[in-house]
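K.L.:
Give me the fold of what follows.
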Amino acid sequence: MAPRDSENLARLRLPSWRSLRLPLLLVLVFVAVASTVWAALANYFLVSRDPEAPVDTYLGYLEGGSSRQVLAPLLIGGDRPLAQLLSNGVYRDAANRPQGHDFVGVQKHGDHAAVGVDIHLGGGSTVHREYTVEKVASWGPFNDSWRLVERDNAIVDVRLPAAVDAVSVNGNKVRPNGSELFPTDPSDPGSPARTWQFEGLPGGYDIAMPEDSYLLASEHASAGISMSDPRSAAAELDFTASPHMWEGAERAVQDAVGQCERVLRFDAAQCPLPAELGGGPAASPSASPSASPTGAPTEVPPGVSNIRWELQSRPSLLLAQDDDDPLAFHAVRFRPAVATVTWLQNGRQHSGTVGFGIDVTARTTGEDLDTDVQLRSTLTERERASQRS
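P.N.:
Numbers count the residues shown, from 1 in each chain. Below is the predicted model of the structure:
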């Protein structure tokens, strides 16, 4: 190594600890002082130093429709487990919720204070409330703060005929959590009825079925939590078949009839036939070993070909709710449908008519529809009576 390189290396040696102690100490002191000053300033501007401050923040959330900002902290620090939390949009559309407030007095009692406030509701009325706040002591340069002790949340029970995929609350689609659905009657484990619980704040809740559901609310249910006396509320919702279900069931009936009218794909087991071909209204599934469950023969007689099946008339589709399963609906049997059938037998053209019933079962939990359609050759007494009249 050249002498010049040795001199340069000597100059690059690390300074001693003695020479670094003072600069490092000054840096450490500066960082500590700056952090303390910043924290003190943040504490000064952000901490609720006045008893009214936490109440003002809380009511501001209610007036802005920010229900989650009110309820989310209670998930870990509340007095009881919370029911399902709904979105801010649901509460923002709640009727008669707080719209403004005015403080009217504060009474301090040691580490607690009673804050009086007049709350103006959306319906035009004003409610006087007193909220209790407590002082939270801080150390060092930090300010003591005040914390709101109670809030106005309460559980809303919605009784349903059965569990569904979604409901509408204040016009917003909500999916009930499975953990918040309970048997309405615990003593009857076989009952499909369920009670859904969600956490509510002061205001009104309009409960129905979503517009795109296969179920339609028979009547909107309503529940309200009073601002002056917040207590649990309850509502009961019943539903029936919606226009979407009627349309889906109607399409299924048309598909079933259309399959019989397709000449190249005629299915004797699914399509009712006249008495001349072994079918007809008087046919019974037990009358022939070749009959299908619907009463139609599974095979046509020998020598029969070129069967053409054409629907002439059918009753309007009327869906009635099942007595045991509120999610299932059946077509009302009040008169038979009629089809004209032509065929060739031993080279000769024949024709006949057949009356048959249309059995429809549609079941849904709201978003998906399962439909079963059967063309039934055996008529009910009511359908036969309508033929004779």
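K.L.:
In the protein, spot the strand with the most residues.
P.N.:
Ordering each strand of the chain by length in residues (DSSP state E) puts strand 348-364 first.
K.L.:
pull the CA atoms of that strand into PDB?
P.N.:
Only the C-alpha atoms of strand 348-364 are listed here, as PDB (Å, rounded to 0.1, in the frame of the first residue of the first chain):
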ATOM      1  CA  ARG A 348    -105.900 -42.700 -40.900                       C
ATOM      2  CA  GLN A 349    -106.000 -39.200 -39.500                       C
ATOM      3  CA  HIS A 350    -107.600 -38.800 -36.000                       C
ATOM      4  CA  SER A 351    -108.100 -36.000 -33.600                       C
ATOM      5  CA  GLY A 352    -109.300 -35.500 -30.100                       C
ATOM      6  CA  THR A 353    -109.200 -33.100 -27.100                       C
ATOM      7  CA  VAL A 354    -107.800 -33.600 -23.600                       C
ATOM      8  CA  GLY A 355    -108.400 -31.700 -20.400                       C
ATOM      9  CA  PHE A 356    -105.600 -31.600 -18.000                       C
ATOM     10  CA  GLY A 357    -104.400 -29.800 -14.900                       C
ATOM     11  CA  ILE A 358    -101.300 -27.700 -14.500                       C
ATOM     12  CA  ASP A 359     -99.400 -28.200 -11.300                       C
ATOM     13  CA  VAL A 360     -96.900 -25.500 -10.400                       C
ATOM     14  CA  THR A 361     -94.700 -25.300  -7.400                       C
ATOM     15  CA  ALA A 362     -92.400 -22.300  -7.000                       C
ATOM     16  CA  ARG A 363     -90.100 -21.900  -4.000                       C
ATOM     17  CA  THR A 364     -87.700 -19.100  -3.200                       C
END
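K.L.:
Which strands and helices lie in contact with it?
P.N.:
Applying 3 or more C-beta pairs under 8 Å, 6 or more residues apart in numbering; DSSP states H and E, we find strand 348-364 packed against helix 243-261, strand 328-331, strand 337-345, strand 369-376, helix 381-388. All C-beta atoms are positioned from the backbone trio N, CA, C, and that covers glycine.
K.L.:
Which strands border that strand, and is each parallel or antiparallel?
P.N.:
In the sheet, strand 348-364 lines up against strand 328-331 (antiparallel), strand 337-345 (antiparallel), strand 369-376 (antiparallel) (DSSP bridges).
K.L.:
So for residue 317, which of those sits nearest?
P.N.:
strand 328-331 (6.0 Å; C-beta to C-beta).
K.L.:
Among the strands paired with strand 348-364, which comes closest to residue 58?
P.N.:
Residue 58 sits nearest to strand 369-376 of all these, at 44.4 Å, using C-beta to C-beta.
K.L.:
Residues in contact with that closest one: which ones?
P.N.:
With contacts defined as C-beta atoms under 8 Å, 6 or more residues apart in numbering, strand 369-376 is touched by 214, 244-245, 248-249, 252-253, 255-257, 260, 270-272, 293-296, 337, 356-364.
K.L.:
Surely residue 240 and residue 219 touch.
P.N.:
No. Using C-beta atoms under 8 Å, residue 240 makes no contact with residue 219, being 10.0 Å away.
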